[in-house]
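*Asks:* Structure, please.
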Amino acid sequence: MKSVRSSLAVIVAVCCALIIALPSALIAAESSVNGVSASEASAGQGTTGVLNGGQGAAQQDAAGAQATARGVAQQDAAGAQGVGSQDATGTTGTQLGGQGATSQDAAGAPGVGAQGATSQDAAGAQTTAQGATSQDAADAQTTAQGTVSQEATPIFDANGLLAMASNPNGNYQLMCDVDLAGTAWQPIEFHGTLEGNGHAILNANITTAGQARRSTYDGNMKEYTTAFAGFFDTLENATVRNVVFLGLNVNVNTSEPTFVGGLCGYMDNATIEGCTIGGEVWLATTGTSFGVGGIAGFGRGRIENCVADVTLVCRDLDAAAKDEQFMGGAYGVGYADLVGNTVTLRGYDSDHGYVHNGGLIGMYIVYDESDQHAGTVANNRVQGFITFFEDNEDRRAYCEPEIGENMSMEAITTREGNTSDFTPDERFEYDVDLVPHACENPQWSEEVVAGTCTDRGHTQRTCALCGYTYPCNWTPVAHDVAKWTSAQVGGGALDQGSCARCGAVVFEPAAAHVGQGSVASSEQAAAADVEVNDATAVVSAGINPLFVVIPVVLGVVLIAVAIVAVVRTR
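*Replies:* Numbering: from 1, shown residues only. The predicted structure follows:
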């Protein structure tokens, strides 16, 4: 009897084992036949690109996305579509051409309606094809928006830009477009590195000079203690690369010597490379020496492969004093090298002293006599105009396509390849300052241009009376992200997602996605996907349900027979 019971117990155990093991074995076998392993099924179910310690690239998450790691970061800067074409000098970036064509008024002079809508090529020019970094690189972090060194502080929002003031010697990188609309931006002294990765800083508004004071010089080497304004007031031993500035508005009113520029008021041994400057720079002053520049106000260093599409306005508010005034599409005064830049300039200069205006440089002067500088002004393009008056019997009235007044001709050892389509437009009525539009009661119409994956959006404003038009209210590039997960950067305040259209990894504030189904972290999202995969493995693997039902039923029947036999033997 004991032997019979033992045999039946073995039968029961075997049946239980069959019930447990046979369905799993059949699932594995069928999955193998269909070419889908269980691990592949759990790894491919819609997880977004995980920024894990800075490695890896975006994974597509649309409809059973395939877990592919992109080794080359995609750039989403406007108009560039992630590829910076190399020019003849081996540099990257799309040069702005054909924009802001000067309209002619009835007298044949440039009209005030000359500023056309900033094209998307200008908006996204200078996007570079950097960021193609191997996934297993130990010293870099690759995302679909660029490459950031582990030593760099990533910037995702206005707070990140504002934080640069606390560490002006730092190394920073933009990871997405940043909108400064409504942010009180104060120009700072900067001595570090800012890498833009082709991303944009939008709608920066500067209305005061910074705290820095430095010495500047006029053509007679007279020294002035000077204030500065721009996005930075000073750049000293600093580098700014591949940053797009759109909707930049610098509008300063002072009573002291002042230089203003789009990017900085003063540069010293600084490098500005691959940047785009789009906006307006205004200065009104009673100072005795002052100037404006599209990129920089005063200084030395190097400006290379940049695009400036700017409106410059300089107003002398003291008609009694004979001042020194400077205006340049790239910079006002100094001896910074200019290589491969494109400038579209709409200049307006009202002065009661001495005018020094140039399409590229207002006045070139090596003010540091100990600097044995071999200067370069080469392969630049300037187009546009400067409309000006010089209310002064002792006239200078410098206004040239490249350099208004060159005080150090022997210092420029390379001056070649520069081209221009530039109009100096001198006026001889001094009672009314020259400005882009003078309608007392302008009638504005607005056209909203939506952003896309590659183009930033903006509003185009046009005056129905004079025809003056300009872009404003810029918006970041617009991606289509269906699923957001908490980014592994930004202290938990940021979400990341993958664009369904272009595949770019996008960062946005987490607060913007509350209630949209975002999950706490990409790791949790992956764990949730695994759970779903396990629960639906039979369906996802394409298993015939009979393969599971039949063994289970058979096992139950065998167990029942064994139990009945045991009862009868008693």
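*Asks:* Angles on the backbone of the residue nearest to residue 217 when sequence neighbours are not counted, please.
*Replies:* In space, and not counting its chain neighbours, residue 217 is closest to residue 367: 4.2 Å by C-beta to C-beta, 6 or more residues apart in numbering. C-beta here means a position set from N, CA and C on the backbone, and glycine is covered the same way. Backbone torsions for residue 367, taken as degrees, to the nearest 10, come to phi -80, psi -20.
*Asks:* now do residue 159
*Replies:* Torsion angles, degrees, to the nearest 10, at residue 159: phi -60, psi -40.
*Asks:* hang on, the earlier thing: for residue 461, see how far away the residue nearest to residue 217 is.
*Replies:* As judged by C-beta to C-beta, to the nearest Å, residue 367 and residue 461 stand 40 Å apart.
*Asks:* which one of the two has more residues nearby?
*Replies:* Regarding residue 367 and residue 461, a neighbour count based on other C-beta atoms under 10 Å identifies residue 367 as having more, with 20 against 17.
*Asks:* contacting residues around the more buried one?
*Replies:* The contact partners of residue 367, by C-beta atoms under 8 Å, 6 or more residues apart in numbering, come to 216-217, 221, 334-335.
*Asks:* From these, list the buried ones, please.
*Replies:* By neighbour count, with 16 or more other C-beta atoms under 10 Å, the contacts of residue 367 hold 216-217, 334-335 as buried.
*Asks:* Among those, which are located in strands?
*Replies:* Among the buried ones among the contacts of residue 367, the residues falling in strands (DSSP state E) are 216-217, 334.
*Asks:* which SS class is residue 164?
*Replies:* helix (DSSP: H, G, I helix; E, B strand; the rest coil).
*Asks:* quick one, phi/psi of the residue lying closest to it once chain neighbours are set aside?
*Replies:* Spatially, and ignoring its direct neighbours in sequence, residue 164 is nearest to residue 172 (6.1 Å; C-beta to C-beta, 6+ apart). Dihedral angles of residue 172 (phi, psi; degrees, to the nearest 10) stand at phi -130, psi 150.
*Asks:* Can you verify my assumption that residue 172 contacts residue 156?
*Replies:* No - applying C-beta atoms under 8 Å, one finds residue 172 not in contact with residue 156, separated by 11.1 Å.
*Asks:* Between the contacts of residue 367, which sits nearest residue 378?
*Replies:* residue 335 (14.1 Å; C-beta to C-beta).
*Asks:* how deep is residue 446 tucked in, by neighbour count?
*Replies:* Residue 446 has 10 nearby residues by other C-beta under 10 Å.
*Asks:* Helix or strand: which one has it?
*Replies:* Using DSSP states H and E, residue 446 falls within strand 444-449.
*Asks:* Okay, buried residues for that strand please.
*Replies:* Using 16+ other C-beta under 10 Å as the test for burial, strand 444-449 gives residue 449.
*Asks:* Can you list the strands that it pairs with?
*Replies:* strand 457-463 (antiparallel) (DSSP bridges).
*Asks:* For the closest residue to residue 322 other than its chain neighbours, give me its contacts.
*Replies:* The spatially closest residue to residue 322, leaving aside those adjacent along the chain, is residue 353, at 4.5 Å (C-beta to C-beta, 6+ apart). When contacts are counted by C-beta under 8 Å, 6+ apart, residue 353 touches 288, 316, 321-325, 390, 392.
*Asks:* Going along the chain, name the helices of the chain.
*Replies:* 2-33, 38-43, 120-124, 158-162, 522-535, 537-540, 546-569 (DSSP state H).
*Asks:* Among these, which one carries the weakest average confidence?
*Replies:* Of all the helices of the chain, mean pLDDT reaches its minimum on helix 38-43 (a mean of 35).
*Asks:* residue contacts, residue 414?
*Replies:* The contact partners of residue 414, by C-beta under 8 Å, 6+ apart, come to 374-378.
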